[in-house]
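Visitor: Sequence and predicted model, in that order:
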Amino acid sequence: MKGGATPLLRTRTCNRVLWPAREVFVLKTEILHININAIEKDKLSYAAEVIKGGGLVAFPTETVYGLGANALDTKAVQGIFNAKGRPSDNPLIVHIAEKSLLPELVRQTTETARRAMDAFWPGPLTLVMDKSEKVPGIITAGLDTVAVRMPVHPVALALIREAGLPIAAPSANTSGRPSPTTAKHVIEDLFGKVDVILDGGNANVGLESTVLDVTVNPPMILRPGGVTAEQLEGILGPVNIDPAVIKMKSENITPKSPGMKYTHYSPKAEVIVVEGSLEKVVERIKNFVEEYKSKGTQMGILATDQTRRYYSGAEVISAGDRNHPETIASNLFGALREFDERGVQVVLAEAVEVKGIGMAVMNRMNKAAGYNIVKVD
Ligand code: TXA
Ligand code: MG
């Protein structure tokens, strides 16, 4: 976009150039830096026009970056699946900025849903509710339910308001890779595949929203995330957790949320999670480093502020402070990508306590490891 008040939009067909060798269309991606404290009106209205015109806009949310399209436009939503290489049986979250849009999307708002919204919206909580006729099947992958979320990030809210539409947005990564917490991560995965990337700095929570099914009683956490089980129980009373969230893949449990069954969040490196008392974890990781070093493997260690000084002979990254697990949540995906950049082949990751946001951290870490978990007690 050039400067000026209302930029002229290129049509989406003109925006595409043919990539002759592989006969795929490549989009001209525009990267717009946006000031989250004083959002530039021209950039916002440009991005909103792209959404309204059926295009794809990656934008920051408080959890991770999202890849947005008009949720009511099947063709635009198909573009999301294509850009990400996402399996079509994995439904998308619909993002709204006002509760007044809900009746368009869901059949009813239950008392539980209302209480959850009042307490946690806008914020990192997605509610699975019975879908209305108006929600296209491509969004819900043919399910009778739809996942809806109201983000709290100022750019996300402003974009949805400006577009005046519900925006479908999965995380803005190539399917299977760690979710993006910076615009740089989005550029790595989606440059040439989307129309606009709004760069609004870091996504602070660093892990995706909690997905809560409120069509069942008690409500059930399908994916742990930014709002913890403890926080939900404080407002809603008892909350179940889909066994697939914490159990091993080998236990052959089918998760209720389609997206949870896929290998996910994987860096190129092999990840091994080491779990147990901290002292034994450190000892086991040091032994691993010795073993692998003799084979010439490039090692990475995902440590914490409390343990990083114990390690040498490997690329060591601290995910954060064990006493403040939200710092670990915030850094996890970035750290996994950073190991790839450093050419690491095997990452040894210290497990953290499955409590509070730690449940979401361990869910993502175990998935990144393909459930390759070593227990040391
Ligand atoms: O924080 C977030 O939720 C981010 C930001 C961009 O808002 N979005 C995100 O979307 O993580 P995505 O597509 O990467 O993950 C959506 C998850 C998937 O696991 C999907 O299977 C699940 O939500 N989901 C969507 N609709 C569902 C439904 N109707 N029933 C059960 N699970 C559903
Ligand atoms: Mg995702």
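Guide: Received it, and whenever you're ready, just let me know what you need. Ligands and ions are numbered 1, 2, ... in the order given.
Visitor: quick one: the helix or strand hosting Leu222 near ligand 1?
Guide: Under the criterion of DSSP states H and E, Leu222 resides in strand 220-223. Yes - using Cβ under 6 Å from any ligand atom, strand 220-223 comes into contact with ligand 1 via 222-223. Yep, even glycine has a C-beta here, placed from its N, CA and C like the rest.
Visitor: who does the following helix or strand past that strand touch, helix- and strand-wise?
Guide: Next helix or strand after strand 220-223 toward the C-terminus (DSSP H and E): helix 229-236. With contacts taken as 3 or more Cβ pairs under 8 Å, 6 or more residues apart in numbering; DSSP states H and E, helix 229-236 sits against helix 111-120.
Visitor: Model confidence score at the residue lying closest to Pro151 once chain neighbours are set aside, please.
Guide: Leaving out its chain neighbours, the residue that sits closest to Pro151 by Cβ to Cβ, 6 or more residues apart in numbering is Thr61, at 4.3 Å. With respect to pLDDT, Thr61 scores 98.
Visitor: was I right about Thr61 contacting Ala203?
Guide: Yes - contact criterion Cβ atoms under 8 Å: Thr61 and Ala203 qualify, at 6.2 Å.
Visitor: what residues are up against the residue nearest to Pro151?
Guide: Applying Cβ atoms under 8 Å, 6 or more residues apart in numbering to Thr61 gives the contacts 95, 151, 153, 156, 169, 203.
Visitor: For those residues, which single residue is the most surrounded?
Guide: Neighbour counts for those peak at Pro151, which has 30 neighbours (criterion: other Cβ atoms under 10 Å).
Visitor: Can you give me the distance of that residue to ligand 1?
Guide: Pro151 sits 6 Å away from ligand 1, going by Cβ to the nearest ligand atom, to the nearest Å.
Visitor: Ok, Gln306 next?
Guide: From Gln306 to ligand 1 the distance is 28 Å (Cβ to the nearest ligand atom).
Visitor: Please apply the same query to Gly237.
Guide: Plainly put, Gly237 is 21 Å away from ligand 1 if you go by Cβ to the nearest ligand atom.
Visitor: Tell me the residues on this protein that lie near ligand 1, please.
Guide: Counting by Cβ under 6 Å from any ligand atom, the chain sits next to ligand 1 at 61, 63-64, 66, 90-93, 124, 126, 128, 140, 143, 145-147, 149, 151, 169-171, 208-209, 211, 222-223, 257-260.
Visitor: picking that back up, what sits in contact with each of Thr61 and Ala203?
Guide: Here Thr61 and Ala203 have His153 as joint contacts, going by Cβ under 8 Å, 6+ apart.
Visitor: which residue packs closest to Pro91, ignoring adjacent ones?
Guide: In space, and not counting its chain neighbours, Pro91 is closest to Ala141: 4.1 Å by Cβ to Cβ, 6+ apart.
Visitor: can you count the residues close to Ser100?
Guide: Residues lying near Ser100 (other Cβ under 10 Å) number 8.
Visitor: May I have the residues that are in contact with it?
Guide: Residues counted as contacts of Ser100 (Cβ under 8 Å, 6+ apart): none.
Visitor: I'd guess it is in a strand, am I close?
Guide: No - counting by DSSP: H, G, I helix; E, B strand; the rest coil, Ser100 is not found in a strand; it is helix.
Visitor: what about Val128, distance to Leu222?
Guide: To Leu222, Val128 is 7 Å away according to Cβ to Cβ, to the nearest Å.
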